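Chemist: this one's structure only:
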């Protein structure tokens, strides 16, 4: 099956006159080049309107880059409805050369829902010639390069490539970086956006991180190096201090209030903000970024604002604790200060500021700025912290959640904020430190966040639940930074000498690897704080959000989700089926069905359980979403076919259905040395540091109707991203990459912990729509006493921790308790890419008559 999408058909603008000359084109565009055969030979004559050219042969997607449109972008899409702010440039290859094209805005959902992604194979691609927004003098722009829009395309499914023997996939092994560009000339520098006057691209999934090779972490330029060498010969002394600048500006002295200041200011960076993108569709700005540095000298502190291209040149280079020298800056009124205060503006022009990182040894001893201060709290001390208090934490990472996104409730637009959950342990109490970590403009560090890393998070703030103050967590501020083992951070930071950090390291060295590995998890569905256990409390917390949805309304909301977007929905429904399965063995399951309700009508009710690959058409009545899996149970599989042909009544039981379950989140790694991993993690703080199968059992009771049905119900298996993975230290980098944005498919190569799950089929009371949701009561335990009946388990979302949990067989046997019960169901939805949407039942509250 293929995803076929086309932009709105319309008359295309005429293609500008371009002549194919030069030996480069002749050598590159050989007869075997698909772009040469398709695009060159279909070029219209001068003054002749062009129509889209269709390339029917397979092409590979090797790069996708996002940027925001500007005032002039609409000119390049005369017939398109520009509803969003984003545009996408896609790099395609035919195996012989590369072509950078712009995705028509009507196709943006292909990227937003990760249907079109790196590695995709596309065919029947329709290209329309177009002008480019970039002038030749812009880096990466070329006056005579051909420029195209991609107006329609078919995205091939991976399954099709396997059936067709690869579908041209052999060319995907070519090193595409080495391939020439289609056109008479190569780009003059790094690629730039084609349809907007921007000099940088945005990351695909958030607006906080940097993206692309233009963001430098390189040494200073030759000019600044010469300047630094000249001044290193003698002790540096500032020409002006922070307090003098503040006093002169606030007193209205003309030399400070107007014009650039040439006096040298020597300060130390004590806080560093994440990048702030302020690009707007109604304004033209090549590099709309800013970042804020809190700096200090011996006389006081002040904010330094880096603007536009200064961020590109300096943001990655400037580290917390660096001493910097500033010249040619401006002093302005601080726009956010409650009282009169100043900020220092550093720009690349009018005037071009001079920045230099200087070693502490080159600064006069009486002018060395003070070191950054920290406020570390351990898990025991955090219990007494109030809402909004700031703190720094250090801990051993034992759980690293998958990357997800939530829609911003603040500011203009409807941006998506990327975040993940971390669980840190520090030995000071039995309570872990829970951190909801949003992007901090440190993408390389976030990729290294895996269990058994020592993680330091600075400038966090505490968040307490209003309904249940006992549940609290930490989250970002503007100045939050994260450091972890594996990148040499700890050995460079001054916090390693603090008493709180040394106490943690002593505890860490006393731990053994195996017990920590046994509870280390990565990825999977996670919810924190736990939702309320009463319907009244839930409704108070959800005030102002969507109320109870009809089944069709829920389906429309799910179709609007973008990749890894997480939302919570409420639905009134009854339960018509409960099943217990293990991932990969869904054809052998325990299940109960409400037979009277399922057989009361001759035609089946509408359902969300559809194939996971469908035509990309959100308004198509036949399109819907796979709730929690890559593909439904395959009725044509050998195992299923043999079961149907034999006609035997066989037991449908899962491995391990004991009356008293053992903990499912415990794994037993095989390690000879008991403390190697944790010891290596602690060593980075030194000055010169480096860096189950389950047994199958059968139930003797074969008289129960739920256990002897000849054919189990067809439901969608759980997604690989839903169940957490057992952490494997030998494959830590691969696992870390598998749970970040865009990496979910690789999770299939690792074992999940646990492998089992429940599926609950809900029937919406409003319109009878059938919805399959995953239910995971065994991934957590409730602190409240309850009787472990279905009513109490659904309302608590977990088994009681004060009594042995029921076995899967017992729990499914109790499912008739749910027959004809009206429930308020709280569903956690997360789009997993393509046609896959995860739907997890977190709470089910019984509605009494």
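Modeler: Nice, thanks for sending it over. Quick caveat: nothing in here was measured; it's all calculated off a predicted structure.

Chemist: how about the strands in the stretch 51-200 of the chain?
Modeler: 53-55, 59-68, 86-93, 98-103, 121-129, 148-156 (DSSP state E, counting those that start in this stretch).

Chemist: could I get those as JSON lines with distance to residue 244 and mean neighbour count?
Modeler: Backbone N, C-alpha and C define where each C-beta goes, glycine included. JSON lines is the format used below for these (distance: least, CB to CB, whole Å; neighbours: other CB atoms under 10 Å):
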{"stretch": "strand 53-55", "distance to residue 244": "65", "mean neighbour count": "19"}
{"stretch": "strand 59-68", "distance to residue 244": "40", "mean neighbour count": "21"}
{"stretch": "strand 86-93", "distance to residue 244": "45", "mean neighbour count": "23"}
{"stretch": "strand 98-103", "distance to residue 244": "51", "mean neighbour count": "24"}
{"stretch": "strand 121-129", "distance to residue 244": "60", "mean neighbour count": "22"}
{"stretch": "strand 148-156", "distance to residue 244": "56", "mean neighbour count": "25"}
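
Chemist: of the ones you listed, which is nearest residue 454?
Modeler: Distance to residue 454, taken as CB to CB, is lowest for strand 59-68 among those, at 33.4 Å.

Chemist: name the helices or strands packed onto that closest one?
Modeler: The elements that strand 59-68 packs onto, with contact taken as 3 or more CB pairs under 8 Å, 6 or more residues apart in numbering; DSSP states H and E, are strand 86-93, strand 121-129.

Chemist: quick revisit: let's have the strands of the stretch 51-200 of the chain in TSV, adding mean pLDDT and distance to residue 591.
Modeler: Listed next are the strands of the stretch 51-200 of the chain as TSV, based on pLDDT from 0 to 100; distance: least, CB to CB, whole Å:
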stretch	mean pLDDT	distance to residue 591
strand 53-55	93	48
strand 59-68	95	40
strand 86-93	95	43
strand 98-103	94	44
strand 121-129	93	38
strand 148-156	93	35
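
Chemist: of the ones you listed, which approaches residue 353 most closely?
Modeler: Among those, if distance is taken as CB to CB, the winner is strand 59-68, at 25.4 Å.

Chemist: between strand 148-156 and that closest one, find me the angle.
Modeler: Calculated by axes from the mean of the first three to the mean of the last three CA atoms, to 10 degrees, strand 59-68 forms an angle of 120 degrees with strand 148-156.

Chemist: for strand 59-68, what is the distance to the chain centroid?
Modeler: Put simply, strand 59-68 sits 17 Å off its chain's centre (CA atoms, centre = their mean, to the nearest Å).

Chemist: what of stretch 264-271?
Modeler: 33 Å.

Chemist: now it: mean pLDDT?
Modeler: The pLDDT scores in stretch 264-271 average 96.

Chemist: for the stretch 251-400 of the chain, what spans make up the helices?
Modeler: Shown for the stretch 251-400 of the chain, the helices assigned by DSSP state H, counting those that start in this stretch span residues 254-257, 309-314, 379-382.

Chemist: can you give me the buried ones in the last one?
Modeler: Residues of helix 379-382 classed as buried: 379, 382 (neighbour count, 16 or more other CB atoms under 10 Å).

Chemist: and of the helices of the stretch 251-400 of the chain, who's closest to residue 199?
Modeler: It's helix 309-314; of these, that one is closest to residue 199 (CB to CB) at 7.0 Å.

Chemist: by contact count, what packs against the closest one?
Modeler: Against helix 309-314 (3+ CB pairs under 8 Å, 6+ apart) you get strand 289-297.

Chemist: give the pairing partners of the strand it packs on; include direction for each.
Modeler: strand 265-272 (antiparallel), strand 276-277 (antiparallel), strand 300-307 (antiparallel) (DSSP bridges).

Chemist: got the buried residues for the first one?
Modeler: Across strand 265-272, burial judged by 16+ other CB under 10 Å covers 265, 266, 267, 268, 269, 270, 271, 272.

Chemist: partners of residue 569 in the sheet?
Modeler: Checking residue 569 by DSSP bridges, which sets the bridge assignment, gives partners residue 827.

Chemist: cool, and residue 419?
Modeler: Under the criterion used here (DSSP bridges), residue 419 is bridged to residue 404, residue 438.

Chemist: want to throw the strands of the stretch 51-200 of the chain into TSV with distance to residue 727?
Modeler: Output for the strands of the stretch 51-200 of the chain, formatted as TSV (distance: least, CB to CB, whole Å):
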stretch	distance to residue 727
strand 53-55	44
strand 59-68	30
strand 86-93	35
strand 98-103	37
strand 121-129	33
strand 148-156	33
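
Chemist: and those strands: which comes nearest residue 214?
Modeler: Of all the strands of the stretch 51-200 of the chain, strand 59-68 comes closest under CB to CB, at 11.8 Å.

Chemist: sorry, back to before: for residue 840, find the nearest of the helices and strands packed on strand 59-68.
Modeler: strand 86-93 (28.6 Å).

Chemist: by mean pLDDT, flag the weakest helix or strand of the chain.
Modeler: helix 638-646 (a mean of 38; mean pLDDT, DSSP states H and E).

Chemist: and the very next helix or strand once past that helix, what does it pack against?
Modeler: Once helix 638-646 ends, the next helix or strand along the chain (criterion: DSSP states H and E) is helix 676-683. Under the contact criterion of 3+ CB pairs under 8 Å, 6+ apart, helix 676-683 touches helix 499-509, helix 513-518.
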